[in-house]
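*Asks:* next come a sequence and a model predicted from it.
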Amino acid sequence: MDIFVHFKSIIVDILTDMGHADLDFSRINTEPPRDKSHGDIATNAAMVLAKPLGLKPRDLALKIAESLQTNADIEKVDVAGPGFINISVADGFYTSRFAEIVARKEQFGKPEANGKKLILEFTSANPTGPVHIGHVRGTVFGDSLANLLQWSGYDVFREYYVNDAGGQIVTLARSAFLRYRECLGDDIGQIPQGYYPGEYLKPVGQDIVDKFGDKLKSMPEAEWLPLIRDLVMSSMMKMIKQDLELLDVKFDNYFSESELHASGAIDKSLADMRARGLVYEGVLPPPKGQLPDDYEEREQTLFRATDWGDDIDRPLIKSDGSYTYFAADIAYHRDKYMRGFNEQIDVLGADHGGYVKRLKAIVRAVSNDEAELDVKICQIVKLVKNGEVQTMSKRSGNFITLKELHSEVGKDPIRFMMLYRKNEAPLDFDYDKVTEKSRDNPVFYVQYAHARVHSIMRQAKETLANFDMDEFDFTKANLALLTDSSEIGVIKSLLNWPKTANVAAEFHEPHRISFYLYELAAQFHSLWNKGKEMPQLRFIVSEDEELTHARLALVRSVAYILKAGLDILGVNTPKEMR
């Protein structure tokens with residue numbers, strides 16, 4: 001149960017009993033106060049409802065507070081400032097509600113399936129090389145967001161958009177052809193400017209030799225290029241999928257841009273939009289600032305993007321008659337809508353910040369406002385080692401690969417730390433910090449809390465007669481015996497889990513999960529340390545089995561919620577750590 005939803009319902013009942021059942025209660029928020037000294041729950045109920053009732057917010061707040069104070073589950077109610085209400089909840093409420101966690105375990109707070117489906121497109125790295133650090137943050141963010149939304153009841157479809165059309169693929173094939181010649185013994189000299197120089201193309205060159213021998217060398221480019229294009233693309237996508245497996249990331253579908261072109265989907269999309277009056281022939285205003293010397297106004301085929309929230313109308317056809325990238329974006333997002341996805345999420349890199357409005361305009365237009373798109377931008381990641389920013393990789397040319405990063409620190413630090421800051425903020429990934437065994441290393445600190453639970457349970461098995469963590473029925477423990485303020489503090493944090501997860505899902509912000517887990521781990525470690533200093537607060541009190549069972553129920557529940565959160569983040573939950 002979400003305790004914040006529970007207390008909102010109490011406030012709604014109070015207002016209904018006052019004769020205000022016809023009010024719009026959707027704007028009422030119940031949430032943890034920013035300052036913990038103000039209590040357990042803060043609400044804006046009086047602030048948002050005073051105006052329609054013709055009252056001053058503080059006067060309405062005092063009336064609500066008076067009724068709240070009669071509730072046995074509430075210890076104290078304060079009205080602050082112009083009308084905010086702060087509620088302190090009685091400890092007995094927490095211990096009684098805590099029983100639900102003990103009973104539901106990792107499923108505590110998990111909503112039922114809501115019948116909604118959405119498509120989440122992320123990573124979508126250009127298939128011209130291995131997954132590198134520039135892709136990792138968006139990959140982890142997208143996969144963890146998918147996990148979070150699935151946990152919250154959504155049917156989530158993970159998709160990778162393969163940019164396998166255009167000049168970059170031609171350049172890739174030419175680069176692989178050089179490695180093919182190199183494998184045959186040719187001195188290829190320095191890799192030409194603009195080609196892909198990474199050594200990762202050497203195995204591809206050998207694959208071409210294995211399939212074609214040396215016969216491609218005598219062919220003109222127009223003949224060998226189409227022969228090796230598909231082979232190169234297959235090799236690149238195989239490499240990318242192997243890289244993604246290092247992070248336990250899998251997709252439901254790899255959507256090919258070249259197939260989008262070949263199927264005629266772009267023609268169909270633009271024809272449909274033209275029929276609806278969304279495409280026209282016109283001239284765009286000149287760009288702001290000093291115009292380039294070769295600038296000339298020309299009539300173009302344009303999408304009425306400004307009618308759907310964009311800043312300017314967008315060209316659809318280049319001067320050479322080929323489609324723009326924007327035209328392909330229209331066809332792709334229309335395809336998502338035609339597949340039944342009215343909720344869409346795109347996860348893009350920092351260099352795509354200018355795409356947000358145009359992509360949102362596309363989805364609104366192709367669906368006639370039936371579908372909605374949320375675009376999440378993941379800012380850049382800097383790798384720091386020995387205090388210096390790492391920028392180069394010998395094997396790959398000018399970037400550090402996921403494989404190299406994984407070999408240094410492993411999956412769990414990568415996944416956790418990529419989510420230990422909001423996606424819109426730049427992030428420094430410090431090699432040295434993520435290999436420390438201290439609270440300064442968040443992933444270690446959280447995983448150690450989970451391992452510490454199992455260590456305590458092993459100790460309990462050795463100390464108590466007939467105790468086994470996996471067989472013991474913790475629902476029979478007398479939870480009312482948990483009365484110390486530190487124990488109540490941990491219980492409060494555990495009961496905040498549903499609110500945290502639901503808000504994270506609502507706003508598509510999985511970083512909230514990592515923050516929550518770190519704070520819960522800190523509280524648990526603090527409680528453990530307190531028991532070292534004060535023997536009467538130890539988890540295992542050999543002379544009081546009933547109290548021990550209650551405290552072990554609390555300890556076990558910490559592991560339940562840590563596991564639920566770490567599963568969302570895609571991070572392991574070890575039972576032992578050295």
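*Replies:* Noted; the coordinates are in hand.

*Asks:* buried stuff in the helix-or-strand element of the chain with minimal mean pLDDT?
*Replies:* Least confident helix or strand of the chain, by mean pLDDT, DSSP states H and E, is strand 388-390 with a mean of 87. Neighbour counts using 16 or more other CB atoms under 10 Å place Gln390 of strand 388-390 among the buried residues. No exception for glycine: its C-beta is placed from N, CA and C like everyone else's.

*Asks:* and the next helix or strand past that strand?
*Replies:* Sequence-wise, the next helix or strand downstream of strand 388-390 (DSSP states H and E) is helix 402-409.

*Asks:* list the contacts of that following helix.
*Replies:* Helix 402-409 is contacted from outside by 130-133, 135-136, 243, 246-247, 383, 393, 395-396, 414, 431, 434-435, using CB atoms under 8 Å, 6 or more residues apart in numbering.

*Asks:* can you rerun that using 10 Å?
*Replies:* For helix 402-409, contacts defined as CB atoms under 10 Å, 6 or more residues apart in numbering pick out 125, 130-136, 139, 200, 239-240, 242-244, 246-247, 381, 383, 385, 390, 393-396, 400-401, 413-414, 417, 429, 431, 434-435, 443.

*Asks:* would Pro285 count as being in a helix?
*Replies:* No: counting by DSSP: H, G, I helix; E, B strand; the rest coil, Pro285 falls outside a helix, being coil.

*Asks:* could you pull out the helices for the stretch 1-150 of the chain?
*Replies:* Secondary structure of the stretch 1-150 of the chain (DSSP state H, counting those that start in this stretch): helices located at 3-17, 45-53, 57-68, 91-104, 133-151.

*Asks:* tell me the most buried of the ones you listed?
*Replies:* Among these, ranked by average contacts under mean count of other CB atoms under 10 Å, first place goes to helix 133-151 (a mean of 24).

*Asks:* angle of that helix against helix 402-409?
*Replies:* Interaxial angle, helix 133-151 versus helix 402-409 (axes from the mean of the first three to the mean of the last three CA atoms, to 10 degrees): 80 degrees.

*Asks:* now the element after helix 133-151, going C-ward?
*Replies:* Heading C-terminal from helix 133-151, the first helix or strand you meet, by DSSP H and E, is strand 155-162.

*Asks:* hang on, the earlier thing: redo the helices of the stretch 1-150 of the chain as TSV? Include mean pLDDT and distance to Leu517.
*Replies:* TSV is the format used below for those (pLDDT from 0 to 100; distance: least, CB to CB, whole Å):
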stretch	mean pLDDT	distance to Leu517
helix 3-17	94	19
helix 45-53	93	30
helix 57-68	94	31
helix 91-104	94	15
helix 133-151	97	12
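
*Asks:* any idea which of these gets closest to Tyr160?
*Replies:* Tyr160 sits nearest to helix 133-151 of all these, at 9.4 Å, using CB to CB.

*Asks:* tell me the domain ranges of the protein?
*Replies:* The record's domain split for the chain, according to automatic domain parsing, is 3-89, 170-233, 381-434, 442-569.

*Asks:* so where do the strands sit in the stretch 351-500 of the chain?
*Replies:* For the stretch 351-500 of the chain, the strands defined by DSSP state E, counting those that start in this stretch occupy 372-378, 381-385, 388-390, 427-430.

*Asks:* could you give the mean pLDDT of the first one?
*Replies:* In this model, strand 372-378 carries a mean pLDDT of 98.

*Asks:* I'd like to know which elements that strand is packed against.
*Replies:* If you count contacts as 3 or more CB pairs under 10 Å, 6 or more residues apart in numbering; DSSP states H and E, strand 372-378 packs onto strand 117-121, helix 133-151, helix 325-338, strand 343-349, helix 356-366.

*Asks:* any buried residues in that strand, and which?
*Replies:* Residues of strand 372-378 classed as buried: Leu373, Asp374, Val375, Lys376, Ile377, Cys378 (neighbour count, 16+ other CB under 10 Å).

*Asks:* list the contacts of stretch 351-360.
*Replies:* With CB under 10 Å, 6+ apart as the test, stretch 351-360 has contacts from 134, 138, 303, 305-306, 308-312, 314, 325-326, 329-330, 332-333, 344, 346, 348-349, 362, 372-380, 424.

*Asks:* for that stretch, what is the average pLDDT?
*Replies:* Mean predicted lDDT for stretch 351-360 stands at 94.

*Asks:* chain center to it: distance?
*Replies:* Centroid separation between stretch 351-360 and its chain, computed with CA atoms, centre = their mean, to the nearest Å, is 18 Å.

*Asks:* for it, buried residues please.
*Replies:* Buried-residue list, stretch 351-360, by 16+ other CB under 10 Å: Tyr355, Val356, Lys357, Arg358, Leu359, Lys360.

*Asks:* Leu148: which of the domains of the chain is closest?
*Replies:* Of all these, domain 442-569 sits nearest to Leu148, with 5.1 Å by CB to CB.

*Asks:* what's the mean pLDDT across the closest one?
*Replies:* If you average the pLDDT values across domain 442-569, you get 95.

*Asks:* next helix or strand past the helix or strand harbouring Phe177?
*Replies:* Assigning secondary structure by DSSP H and E places Phe177 in helix 167-183. Next along the chain after helix 167-183, taking DSSP H and E as the criterion, comes helix 202-212.

*Asks:* quick one: that following helix to helix 167-183, angle?
*Replies:* Going by the same axes, to 10 degrees, helix 202-212 is angled at 80 degrees with respect to helix 167-183.

*Asks:* contacts for helix 202-212?
*Replies:* For helix 202-212, the external contacting residues (CB under 10 Å, 6+ apart) are 172-173, 175-184, 188, 216, 219, 224, 227-228, 231-232, 234-236, 239, 395.

*Asks:* ok, back up a step: quick check on the contacts of helix 402-409: which are buried?
*Replies:* Burial by neighbour count, judged by 16+ other CB under 10 Å, picks out 125, 130-136, 139, 200, 239-240, 243-244, 246-247, 381, 383, 390, 393, 396, 400-401, 413-414, 417, 429, 434, 443 from these.

*Asks:* show me which of the buried residues of stretch 351-360 is closest to Ala451.
*Replies:* Val356 (41.4 Å).

*Asks:* let me know the outermost residue of this protein.
*Replies:* Distance from the C-alpha centroid of the chain peaks at Ser218, with 50.0 Å (CA atoms, centre = their mean).

*Asks:* residues in contact with that one?
*Replies:* By CB under 10 Å, 6+ apart, the contact set of Ser218 is Trp224.

*Asks:* likewise for Leu562?
*Replies:* The contact partners of Leu562, by CB under 10 Å, 6+ apart, come to 106, 446-447, 449-451, 453, 494, 497, 517, 520-521, 524, 571, 573.

*Asks:* now it: phi and psi?
*Replies:* Backbone torsions for Leu562, taken as degrees, to the nearest 10, come to phi -60, psi -40.

*Asks:* and the residue lying closest to Gly83 once chain neighbours are set aside, how far from Ile85?
*Replies:* When the adjacent residues along the chain are set aside, Gly83 lies closest to Pro57, with 3.0 Å between them (CB to CB, 6 or more residues apart in numbering). Counting by CB to CB, to the nearest Å, the separation of Pro57 from Ile85 is 10 Å.

*Asks:* between these two, which contacts overlap?
*Replies:* Here Pro57 and Ile85 have Asn44, Ala45, Ala46, Met47, Val79 as joint contacts, going by CB under 10 Å, 6+ apart.

*Asks:* just those residues now: which is nearest Ala61?
*Replies:* The shortest approach to Ala61 among the shared contacts of Pro57 and Ile85 belongs to Ala46, at 3.6 Å (CB to CB).
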